[in-house]
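K.L.:
Here is a sequence with its predicted model. Questions after.
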Amino acid sequence: MELRKYLFRRLIEITIIFFVIMTILFLLFRLAPGDPVSRMVDPSMTPEDARHLISQLGLDQPLYQQYIIYLRNFFSGDFGVSFHYGTSVMGIIWDRLPNTAILFTTSIILSAFVGIFLGKIASWHKDKKIDTWLTLGALICHTLFLPWLALIMIWFFAYKIGWFPLNGILSPEIWIQTDACFFSKLIDVLHHLILPLATLFLIHFGSYLLIMRSSMLDTLKEDYITTARAKGLKEKIIRNHHAAPNAALPVVTSIALSLAFSINGGALTETVFSWPGIGRELVFAVSNNDYPLAQASFLLIAAVVLLSNFLVDILYAYLDPRIRY
Amino acid sequence: MTLLEVKDLSVVYQTRKGFITALNNISFELNRGNTLGLVGESGCGKSTLGMALMRLLPGNASIIKGNLFFENQDLLKLTDDEIRQIRWKKISMIFQAAMNALNPVHRVADQIMEAITTHNSSLLRESAIKQTEKLFDLVNIPKRRMTEYPHQYSGGMKQRAVIAMALACRPSLIIADEPTTALDVILQSQILESIKLFQKKLNLAILFISHDIAVVADICHDICVMYAGELIEYGAKEKVLGAPVHPYTKTLISSYLTLIRDLRPLKPVQDSTTSHISNPDLCCFLNYCPNSEKICRNQKPVWVELAPDHRVFCLLANKIYNG
């Protein structure tokens, strides 16, 4: 019951924060240098046509009115029309979102599980060879510069060996085949997915491993681990049942925090791999002053970060019985 | 009947500054159903001894010498798997910090049940639950609190839960490492009473580790006094506390208040927990001893048996004893 009350309160908080972000975004775009109209407006246009276009976009209205329109459109689910594509922003986002989701959920889940597992192993064999190698490997991966790693991966695996496609999400020959079956499409997407996934995985698993390792080492010094040993429990049970659940708590926090950064890193990865996702669209929209699209993508990112924090709150209450809100 | 016999046990810790002797030639015996008190100031090696008996010493400690006979088998010669079978089933522990002895993410009853099922894998879940219920009854914790987590318990309840856990497999020896140190005096006396009760009921042997002479005097039959990793006086409670002979034991006793004796100024023990690496052969209390004589500086101390149940590790024991 307490939990439900807390979650309700959190939801209200999140909504408020979301509106604050919305407002800041709105103002930021109006303050940003560069004028969308000057880009769209052809120099050969007559001033009348230009004015007509500006009023069509609603940019001649006073700021507060633009804001009201912005809010009203948001509630009716209308994010406007992309300046660049000329189609509905919602359509573009719905089109790109699954691509980003596939890449991100998989890479976060994969790197978290592998990181936690290897961190557990490393701490258990502290100062032995396996620990040294795992820690060293994790440190190296953690400090790598993402675009560089992505380029190296492409150069080696796609160009030199040719195991994987250079970029994109679907091969053109399958793309133009309208009668291609779902299964062959899926295989092709997975084939394209491996390189960007591996890149994101390599960048992220290291930090999870290091956090898990140090957290585990602290936990292993706790008195209840001595109790567990004294009880005559098997080492494997002590490690997995008594130490790991306690040690994994800080990692959960770190996963939530890294979500925000991973979307940011995702923009880089998506750009390098030409992965048609939200991140790449965002970079593209910002550099082209495509306000509606950029605004909507930023809002989406804000929503994802807020929601993942909310999910972690729930998860935390489930993992640690001491946490009762 | 002897349950536990410790013989010439020596433990060293490896540190960056070299080896540090934590226990030096410790020998004592403990009979079934008896309580042996182990007293000494902080850092004298009491807890190390308790951990050594379970073979739970940390990685940088090693037992370099001695035997631990328990029910006629040498614990030091057992394989890891064999010692695991003995832990908790035969020898269990009551830990000093009950707050931290329970795992915060598991229910209290589950942690107790785990001890039961680990050593009796054929036991059905229902009967394990029944046994756990009985244990909760025994230590006076309401059954409805079985499914709660450690943080929902008060300090005294946690301590009682830890005691219930120690009794879970009906061990023949319990090592109680300062079980009442963190509690206030009222709880302390309750816990001590219940420990005494279980001991009689279940014919337990207890190795009671404490720095509190008053507590040890209350609960123990025999007493070992330790100083700087060495055993210096060992015997029946009445002898060691009633007529202490070793100068350190005397100092330790005179540093405690008692309501029986006339009030007189306390004599604090000097800040003396120094290691005696400089001269390991001589008496460990030499530098602080008020009675020391020339012989102490030239000769190793020896065990002097003043009575069948009273031994002192001091060259001057007879002299002090006879006044």
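P.N.:
Great, that's in hand. Residues are numbered from 1 along each chain as shown, chains lettered A, B, ... in the order given.

K.L.:
C-alpha from now on. contacts and neighbour counts both.
P.N.:
Fine.

K.L.:
So A:P321, which state does it fall into?
P.N.:
Following DSSP: H, G, I helix; E, B strand; the rest coil, we place A:P321 in the coil state.

K.L.:
Tell me how many other residues crowd it.
P.N.:
17 (other Cα atoms under 10 Å in any protein chain shown).

K.L.:
right, and it touches B:P104 too?
P.N.:
Yes. The pair A:P321 / B:P104 is scored as a contact, 7.5 Å apart, by Cα atoms under 8 Å.

K.L.:
what's the overlap in contacts for those two?
P.N.:
Shared contacts of A:P321 and B:P104 (Cα atoms under 8 Å, 6 or more residues apart in numbering or on different chains): B:Y149.

K.L.:
so where do the helices sit in the stretch 151-300 of chain B?
P.N.:
For the stretch 151-300 of chain B, applying DSSP state H, counting those that start in this stretch gives helices covering B:155-167, B:185-202, B:213-219, B:237-242, B:247-254, B:294-298.

K.L.:
Give the bridge partners for B:D177, please.
P.N.:
B:I209 (DSSP bridges).

K.L.:
Just confirm it contacts B:I94, I think it does.
P.N.:
Yes. Between B:D177 and B:I94 there is a contact at 6.1 Å, judged by Cα under 8 Å.

K.L.:
Next, count neighbours for residue 281.
P.N.:
All of this refers to chain A. A:E281: 21 neighbours (other Cα under 10 Å).

K.L.:
try chain B instead
P.N.:
Every residue meeting other Cα under 10 Å relative to B:D281 is counted, giving 13.

K.L.:
That one: what's its closest spatial neighbour, skipping adjacent residues?
P.N.:
B:K300 (5.7 Å; Cα to Cα, 6 or more residues apart in numbering or on different chains).

K.L.:
which phi and psi does that neighbour have?
P.N.:
Dihedral pair for B:K300: phi -70, psi 140, per degrees, to the nearest 10.

K.L.:
and the gap between it and chain A?
P.N.:
Going from B:K300 to chain A by Cα to the nearest Cα, to the nearest Å gives 37 Å.

K.L.:
mind listing what that residue touches?
P.N.:
B:K300 neighbours (Cα under 8 Å, 6+ apart): B:D281, B:L282, B:C283, B:L315.

K.L.:
JSON lines for the helices of the stretch 151-300 of chain B, including mean neighbour count, distance to A:K185 and mean pLDDT?
P.N.:
Below are these laid out as JSON lines (neighbours: other Cα atoms under 10 Å in any protein chain shown; distance: least, Cα to Cα, whole Å; pLDDT from 0 to 100):
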{"stretch": "helix B:155-167", "mean neighbour count": "25", "distance to A:K185": "59", "mean pLDDT": "89"}
{"stretch": "helix B:185-202", "mean neighbour count": "15", "distance to A:K185": "70", "mean pLDDT": "86"}
{"stretch": "helix B:213-219", "mean neighbour count": "18", "distance to A:K185": "77", "mean pLDDT": "87"}
{"stretch": "helix B:237-242", "mean neighbour count": "18", "distance to A:K185": "84", "mean pLDDT": "90"}
{"stretch": "helix B:247-254", "mean neighbour count": "20", "distance to A:K185": "83", "mean pLDDT": "87"}
{"stretch": "helix B:294-298", "mean neighbour count": "12", "distance to A:K185": "90", "mean pLDDT": "86"}
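
K.L.:
chain center to stretch B:222-233: distance?
P.N.:
What separates the centre of stretch B:222-233 from the centre of its chain is 11 Å, taken as Cα atoms, centre = their mean, to the nearest Å.

K.L.:
I meant to write stretch B:159-179 there.
P.N.:
With Cα atoms, centre = their mean, you get 12 Å for stretch B:159-179.

K.L.:
now do the same end-to-end measure for that stretch.
P.N.:
8 Å (Cα to Cα, to the nearest Å).

K.L.:
For chain B, which helix or strand comes out least confident on mean pLDDT?
P.N.:
The helix or strand of chain B with the poorest confidence is helix B:98-101; it has a mean of 78 (mean pLDDT, DSSP states H and E).
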